[in-house]
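*Asks:* A predicted structure for the sequence below; I have some questions about it.
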Amino acid sequence: MSIELPESAVPPPTGAGESSSTPTRRTFIATSTAVGGAVVAGGVIGGGSLLGPEEATAAEAPPSSRVSLTVNGTRRTVTVDNRTSLLDLLREHFGLTGSKKGCNAGACGACTVLVDGERSEMGVPPAGGWGRVNSCLTLAVRLEGAEVTTIEGLADGDRLHPLQKAFIDQDAFQCGYCTPGQIVSGVGCIEEGHTGSPEEIREWMSGNICRCGCYVKIVRAVQQTAGRK
Amino acid sequence: MHPFAYTRASGTREALDAGRRGGRYIAGGTTLVDLMRETVERPGNLVDISGLPLREVSVTERGGLRVGALVTMAQTAAHPKVRTLYPVISQALELSASAQLRNMATIGGNIMQRTRCTYFRDVTADCNKRDPGSGCAALHGFNRTHAVLGTTDSCVATHPSDVAVAFAALEATVHLLGPDGKRGVPFADFLLRPGNTPHREHAIRQGELITAVEIPALPRPLRSGYLKVRDRQSYEFALTSAAVALHMRGGVIREARVAAGGVGTVPWKLPAVERHLVGERPSDALWTAAAEKAAEGARPLENNRFKVELLKRTVERQLRVVGGTK
């Protein structure tokens, strides 16, 4: 399945140009963050950075780039502030809020998505790798030609992915915040073939933190799904 | 995060040109993007080098191994040649970070990663590495995870990489390409001890690019392995670690390569331990006596005195694991 969407210029993640008249929790937070960000941005430009003359106006418009990528089978072309992470692109611009922002530092795994870079234009993985990655540490502008699969892209219509089903069967979550990342990471773990024992699953799933402590059942869910393959 | 210009280098020449003009290379980005968000790193111009042809793992003419700078940690660890010839490298990599990060991070970037010292990462704290001349908040601060070897009053931060410890042990060479051509830097000279200039961390000149890390051929059979000791079982940086490679023939140790991690301002090669092993037959007494030399010159801080004894025990245990006991 591949749907072509027209190019859309999306606002920078700082919220500059945000036009929503009814502030939601999300736009409120984004706008609040922008205030601090703008002050810092002015400082670095004035301090004489490595920016060339074409970037001299960056204080008004932060450098942005155009990128085309495929998300859950839909090809999208957007122009984004270079600072935008893949996670923010998915959540704030594409409305795909399944991938969660936990630590925003690559430490918790809540933002895990699958990136298949082998089909990118340059024939190489765009972020230096492929498979499950932390979308919070992936700059969106680097994903030219990449195929991204998020938690929203795992199910086939109403038919859940076997690992989604297994999480329900095993009751592998309480609050659910880490669950999308756990499931996507689990899919990657199964694809990588690191499911030989509960110990191996624990080790290769250690990049996904669960504050509720559902690890035993998460391991069982991954095991259940891997066993079917 | 501060604004930055972004360019994608389509070839090595283009990358080097951008690097010479002050562009900052980005490969996996797992350290750089994280530190940019904390505003510890503030590059004005990012040059994406992930399209460059530096993705080969190959056996060299002399029988060593050459790992391209853009091979990911996951790919390197899983490579059959790496697993067969140098298990110490695969083990060090698979005990690092998480599966997600290993899918992204590259070998070149791994050895360039910056310290996990919390004061370095906190832009409100004094840190000579981040802000030369500002002082070192870790010296008399919370320094439980900090270094005990190679420190100065300017900096007590550890180098966080595991695979760099294996590279140091095996006496790897870092291959660089720059405006003036190619050169190879021995690993021992690649990462710099802090001295009075902890902001200078490596031997790379402006615009130079890491193209590969080469592991020299070592006599066969070679047994090797990596032990990492940490506060939790997985996904944590080392308190102490040991990379050991031994070549034994006729029941005698002929060659020894040993280095320690988590304890030094750079991956810490242990020549005194190596010298103690060569020419000897494996025994519990030998491992204990050799490991006793691992902490020579250690200068513990208020909260990390335990590292001195832990280092010796880590080295001793890994010598026994790799060398066995006769």
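*Replies:* Sure thing, it's come through.
*Asks:* Chain B versus residue A:71, what's the distance?
*Replies:* Distance from residue A:71 to chain B, counting by CB to the nearest CB, to the nearest Å: 18 Å. The way it works is simple: take the backbone N, C-alpha and C, and place the C-beta from them, glycine included.
*Asks:* Could you do residue A:160 as well?
*Replies:* Per CB to the nearest CB, residue A:160 is found 23 Å from chain B.
*Asks:* Compute the distance between the residue lying farthest from the centre of chain B and chain A, please.
*Replies:* Distance from the centre of chain B peaks at residue B:250, with 32.7 Å (CA atoms, centre = their mean). Look at residue B:250 and chain A: by CB to the nearest CB, they are 37 Å apart.
*Asks:* Please apply the same query to residue B:172.
*Replies:* 20 Å.
*Asks:* can you count the residues close to the residue of the stretch 51-200 of chain B found nearest chain A?
*Replies:* Distances between the stretch 51-200 of chain B and chain A by CB to the nearest CB are smallest at residue B:98, namely 2.5 Å. When counting by other CB atoms under 10 Å in any protein chain shown, one arrives at 26 neighbours for residue B:98.
*Asks:* try residue B:55
*Replies:* 17.
*Asks:* In terms of secondary structure, what does the one helix or strand residue B:47 maps to contact?
*Replies:* Per DSSP states H and E: residue B:47 is located in strand B:45-48. With contacts defined as 3 or more CB pairs under 8 Å, 6 or more residues apart in numbering or on different chains; DSSP states H and E, the packing partners of strand B:45-48 are strand B:5-8, helix B:12-20, strand B:24-26.
*Asks:* State the pLDDT value of the residue farthest from the centre of chain B.
*Replies:* As predicted, residue B:250 sits at a pLDDT of 96.
*Asks:* Tell me the residues of the stretch 151-300 of chain B that contact chain A?
*Replies:* Proximity of the stretch 151-300 of chain B to chain A, by CB under 8 Å from any CB of the partner chain, involves residues B:234, B:235.
*Asks:* how about low-confidence regions in the stretch 151-300 of chain B?
*Replies:* For the stretch 151-300 of chain B, no stretch has pLDDT under 70.
*Asks:* and the longest helix anywhere in chain B, C-alpha only, in PDB?
*Replies:* Assignment by DSSP state H gives helix B:306-323 as the longest helix of chain B. Extracted in PDB, the C-alpha atoms of helix B:306-323 (Å, rounded to 0.1, in the frame of the first residue of the first chain):
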ATOM      1  CA  PHE B 306      35.900   1.100  45.500                       C
ATOM      2  CA  LYS B 307      37.100   1.200  41.900                       C
ATOM      3  CA  VAL B 308      40.700   0.400  42.700                       C
ATOM      4  CA  GLU B 309      39.900  -3.000  44.200                       C
ATOM      5  CA  LEU B 310      37.000  -3.600  41.700                       C
ATOM      6  CA  LEU B 311      39.400  -3.000  38.800                       C
ATOM      7  CA  LYS B 312      41.900  -5.600  40.100                       C
ATOM      8  CA  ARG B 313      39.200  -8.100  40.600                       C
ATOM      9  CA  THR B 314      37.600  -7.400  37.200                       C
ATOM     10  CA  VAL B 315      41.000  -7.900  35.400                       C
ATOM     11  CA  GLU B 316      41.700 -11.100  37.500                       C
ATOM     12  CA  ARG B 317      38.300 -12.600  36.700                       C
ATOM     13  CA  GLN B 318      38.600 -11.900  33.000                       C
ATOM     14  CA  LEU B 319      42.100 -13.300  32.800                       C
ATOM     15  CA  ARG B 320      40.800 -16.500  34.300                       C
ATOM     16  CA  VAL B 321      37.800 -16.600  32.000                       C
ATOM     17  CA  VAL B 322      39.900 -16.100  28.900                       C
ATOM     18  CA  GLY B 323      43.100 -17.900  30.000                       C
END
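*Asks:* Can you tell me the strand partners of the strand holding residue B:47 and which way each runs?
*Replies:* According to DSSP bridges, strand B:45-48 forms sheet pairs with strand B:5-8 (parallel), strand B:24-26 (parallel).
*Asks:* Run through the neighbouring helices and strands of whatever helix or strand comes next after that strand.
*Replies:* Next in sequence after strand B:45-48, counting helices and strands by DSSP H and E, comes strand B:57-59. Counting contacts by 3+ CB pairs under 8 Å, 6+ apart, strand B:57-59 packs against strand B:65-68, helix B:80-85.
*Asks:* Could I get these in TSV, plus columns for mean pLDDT?
*Replies:* Formatted as TSV, the helices and strands packed on strand B:57-59 follow (pLDDT from 0 to 100):
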stretch	mean pLDDT
strand B:65-68	98
helix B:80-85	95
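*Asks:* How about chain A: which residue is closest to chain B?
*Replies:* Nearest residue of chain A to chain B: residue A:207, at 2.5 Å (CB to the nearest CB).
*Asks:* from what I can see that residue touches residue B:101, true?
*Replies:* Yes: between residue A:207 and residue B:101 there is a contact under CB atoms under 8 Å: 6.7 Å.
*Asks:* what sits in contact with each of the two?
*Replies:* Taking CB atoms under 8 Å, 6 or more residues apart in numbering or on different chains as the contact rule, the neighbours common to residue A:207 and residue B:101 are residue A:134.
*Asks:* Strands along the chain, start to end?
*Replies:* Assuming you mean chain A. A:3-4, A:8-9, A:64-71, A:74-81, A:112-116, A:131-134, A:147-149 (DSSP state E).
*Asks:* The chain in question should be chain B.
*Replies:* Listed in chain order, the strands of chain B (DSSP E) span B:5-8, B:24-26, B:45-48, B:57-59, B:65-68, B:173-178, B:181-186, B:209-215, B:222-229, B:240-249, B:252-261, B:268-269.
*Asks:* Appreciated, that's everything.
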